[in-house]
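Enquirer: everything below, folded, please.
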Amino acid sequence: MSTYGRLDGVVLNAGAGRSGAVGDLSVEDWETVMRTNLTGPLLLLRAALPHLLTSR
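Expert: Residues are numbered from 1 along each chain as shown. Okay, the predicted model is just below:
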């Protein structure tokens, strides 16, 4: 933040997937996809939100 002064936006661009039949998908694979696709962006946005709100 000290270099550029403020945070104006965030791109939540992450994605993971596993190929194959649903019946062959392990719980571990499913959890990896959910952590990457849902939890990761949530945590990034939560960390960025205070900075975004002060940049308005």
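Enquirer: can you show me the helices along the protein?
Expert: Under the criterion DSSP state H, the chain carries helices at the ranges 27-34, 40-54.
Enquirer: and those helices: which comes nearest Val11?
Expert: helix 40-54 (9.4 Å; C-beta to C-beta). (Glycine included, C-beta is placed from N, CA and C.)
Enquirer: count the residues that sit near His51.
Expert: His51 is flanked by 13 other residues according to other C-beta atoms under 10 Å.
Enquirer: for it, give its distance to Glu28.
Expert: The gap separating His51 from Glu28 is 34 Å, by C-beta to C-beta, to the nearest Å.
Enquirer: now swap in Gly9 and tell me
Expert: 33 Å.
Enquirer: how far away from the center of its chain is stretch 16-33?
Expert: 18 Å (C-alpha atoms, centre = their mean, to the nearest Å).
Enquirer: tell me, how many residues neighbour the closest residue to Gly40 other than its chain neighbours?
Expert: Nearest non-adjacent residue to Gly40, counting by C-beta to C-beta, 6 or more residues apart in numbering: Ala14, 5.0 Å away. Other residues near Ala14 come to 13 when the count uses other C-beta under 10 Å.
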